[in-house]
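Peer 1: Predicted model follows, preceded by the sequence.
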Amino acid sequence: MKTPSVEDIIASFPHPILPTVQGEPDYHTIHAIRKLLQANSRSIDSHLGGGALGHLGLIVSAAAYSIVAPAHPWTNPESPGRTPTEITGGTAAQISAERHRWEEAVTTFRTRATVDQALKKQIITVFEPMYLEILNNDMVGFANTSARDMLEHLFLSYGSITAVDLERNFENMRKAWDPQQPVETLFKQIQDCVDYAEAGGITIGEAQKLSTAYTKVFATGIFHSACRRWNERDAAAKTWNNFKTHFATAYRQHKQMQGESAATSGYANAAVAQPDEDLAEAAIDAFANLASATAVDRTIVATLTEANSRLAKQLEDSAQALKEVKALLKKERGERVSRRPFAPSADNYCWSHGYKLARNHTSMNCLYPKSGHKKEATKNNNMGGSQALKE
């Protein structure tokens, strides 16, 4: 039951050495590192979370994991204990089976913990210490902090995304795809927008991804037959991975059939070549998918509207508070002027400085007396002192 060391696991990663981030991180640098960590976590086998995605659940949120494995949520295993459960009166076969179960549980538990330590070690080497210092406990360091905790902290503290940013992201997600560009640009555009929205606190489900991507493909006027074949699939087969495979194949076939000259001359003529029945059927399917996408868009817009309302209320409250503070400051300044000790007094006199001085300035308490200064001098008996400002 020997568990690989942290160093062994890092060495087995597809990205054992990650690029360092100099200075304060932002969304894009954190996101790029998370992509590499996701690939590393997937590379270590595990039967957890359905068994097909390695240890991806150590990096992504539960909501994000549920999109790629909806029937198999990721759950961190609990410690199986130091020894197998004792079976009183059990047969040799039962005792052997229990020990085998316990050994597997120990391996799963230790491997998960070691992979998490390896991912944390990579994160710590990527970012400057000050940006993770708040998670560094004086007694246990990062022992009680997971790799996912670190990434969530970085996104929250340095990858802040506003409601305006999210709206721009959704606008970018809805931008048309140019079929003269590789179909992979479409897939990347959709996935980048989904990742950005998740970092901003909004989860875009697989149905929304598929509806948006399908609508873009159909709008080109080229892939009606491929769209029809896609819609003939069972609902269970309509996954994001299958979508990419299906339309990547269709794109390659289109390039082969049309040739480079047709691909660069625009795609309007290619649309005319499609049979009318394919176009009509694909249009019906497209409108159905668009309706589904619109329903999800309304939910997203509602979320953004609520966020904007909260921001507007906060700005209104802040403006009112600022107005009140300014009024208080203005009042305070007025009171200070009215009672300031340096207002001139017609009764004060100083042998060194003359008449009409500040209320606390007299010959007796002059702070800057001249040579020969006489403290006993007053307005009525200036004792030959200064005549400055005398009326």
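Peer 2: Arrived safely, thanks for sending.

Peer 1: which stretches of the stretch 51-200 of the chain form helices?
Peer 2: 62-68, 92-126, 147-158, 163-173, 183-199 (DSSP state H, counting those that start in this stretch).

Peer 1: average pLDDT across the third one?
Peer 2: Averaged across helix 147-158, pLDDT comes to 93.

Peer 1: Over to the last one?
Peer 2: Per-residue pLDDT values across helix 183-199 average out to 91.

Peer 1: for it, packing partners?
Peer 2: helix 27-42, helix 163-173, helix 206-219, helix 240-264 (3 or more C-beta pairs under 8 Å, 6 or more residues apart in numbering; DSSP states H and E). C-beta: built from backbone N, CA, C; applies to glycine.

Peer 1: for the ones you listed, which one sits closest to residue 152?
Peer 2: Proximity to residue 152 (C-beta to C-beta) singles out helix 27-42 among those, at 10.1 Å.

Peer 1: sorry, back to before: any chance of the helices of the stretch 51-200 of the chain in JSON lines, plus distance to residue 242?
Peer 2: Conversion of the helices of the stretch 51-200 of the chain to JSON lines gives the following (distance: least, C-beta to C-beta, whole Å):
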{"stretch": "helix 62-68", "distance to residue 242": "13"}
{"stretch": "helix 92-126", "distance to residue 242": "28"}
{"stretch": "helix 147-158", "distance to residue 242": "28"}
{"stretch": "helix 163-173", "distance to residue 242": "20"}
{"stretch": "helix 183-199", "distance to residue 242": "12"}
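
Peer 1: in which helix or strand would I find residue 348?
Peer 2: For residue 348, the host element (DSSP states H and E) is strand 344-350.

Peer 1: Check residue 355 too.
Peer 2: Residue 355 belongs to strand 354-358 when assigned by DSSP H and E.

Peer 1: Would you mark the buried spots in that strand?
Peer 2: Within strand 354-358, the residues that count as buried by 16 or more other C-beta atoms under 10 Å are 354-357.

Peer 1: got the end-to-end distance for stretch 226-236?
Peer 2: Stretch 226-236 has its terminal residues 18 Å apart, counting by C-alpha to C-alpha, to the nearest Å.

Peer 1: that older thread, could you pull up the mean pLDDT of the strand holding residue 348?
Peer 2: Throughout strand 344-350, pLDDT has a mean value of 78.

Peer 1: Tell me the secondary structure at residue 377.
Peer 2: Of the three states, residue 377 takes coil under DSSP: H, G, I helix; E, B strand; the rest coil.

Peer 1: picking up where we left off before, right, so the helices and strands packed on helix 183-199: which one is the most enclosed?
Peer 2: helix 206-219 (a mean of 21; mean count of other C-beta atoms under 10 Å).

Peer 1: helices or strands next to it in the packing?
Peer 2: The contact analysis (3+ C-beta pairs under 8 Å, 6+ apart) places helix 206-219 against helix 183-199, helix 224-231, helix 240-264, helix 276-339.

Peer 1: Residue 150: neighbouring residues, count only.
Peer 2: Counted by other C-beta atoms under 10 Å, the residues lying close to residue 150 total 22.

Peer 1: Could you do the one 3 residues further on as well?
Peer 2: Taking other C-beta under 10 Å as the neighbour definition, residue 153 ends up with a count of 17.

Peer 1: Okay, it and residue 376: tell me how far apart.
Peer 2: From residue 153 across to residue 376, the span is 73 Å (C-beta to C-beta, to the nearest Å).

Peer 1: what's the answer for residue 206, then?
Peer 2: 96 Å.

Peer 1: Find the nearest non-adjacent residue to residue 175, please.
Peer 2: For residue 175, ignoring the flanking residues on the chain, the nearest one in space by C-beta to C-beta, 6 or more residues apart in numbering is residue 189 at 7.3 Å.

Peer 1: Surely that neighbour touches residue 176?
Peer 2: No: using C-beta atoms under 8 Å, residue 189 makes no contact with residue 176, being 10.2 Å away.

Peer 1: wait, which of the helices and strands packed on helix 183-199 is closest to residue 369?
Peer 2: The nearest among the helices and strands packed on helix 183-199, by C-beta to C-beta, is helix 163-173 at 65.2 Å.

Peer 1: Compute the inter-axis angle for that closest one and helix 183-199.
Peer 2: Note on geometry: by axes from the mean of the first three to the mean of the last three C-alpha atoms, to 10 degrees, helix 163-173 and helix 183-199 are set 160 degrees apart in direction.

Peer 1: Flag the shaky bits of the chain, pLDDT-wise.
Peer 2: Applying pLDDT under 70 to the chain flags residues 1, 259-315, 318-319, 321, 325, 328-345.

Peer 1: Could you write out the alpha-carbon coordinates of stretch 374-389 in PDB?
Peer 2: Written as PDB, here are the backbone C-alpha positions of stretch 374-389 (Å, rounded to 0.1, in the frame of the first residue of the first chain):
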ATOM      1  CA  LYS A 374       7.900  95.300  28.200                       C
ATOM      2  CA  LYS A 375       5.400  92.700  29.500                       C
ATOM      3  CA  GLU A 376       3.500  95.300  31.500                       C
ATOM      4  CA  ALA A 377       2.600  97.400  28.400                       C
ATOM      5  CA  THR A 378      -1.200  97.700  27.600                       C
ATOM      6  CA  LYS A 379      -3.400  99.500  25.200                       C
ATOM      7  CA  ASN A 380      -3.900 102.300  27.700                       C
ATOM      8  CA  ASN A 381      -0.300 102.500  28.700                       C
ATOM      9  CA  ASN A 382       1.900 101.300  25.800                       C
ATOM     10  CA  MET A 383       5.100 102.300  27.500                       C
ATOM     11  CA  GLY A 384       6.500 103.600  24.200                       C
ATOM     12  CA  GLY A 385       5.900 100.300  22.400                       C
ATOM     13  CA  SER A 386       4.900  99.500  18.800                       C
ATOM     14  CA  GLN A 387       2.200 101.700  17.200                       C
ATOM     15  CA  ALA A 388       1.400  99.100  14.400                       C
ATOM     16  CA  LEU A 389      -2.300  99.000  13.300                       C
END
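
Peer 1: next one: that stretch to chain centre, how far?
Peer 2: 75 Å (C-alpha atoms, centre = their mean, to the nearest Å).

Peer 1: Many thanks, I have nothing further to ask.
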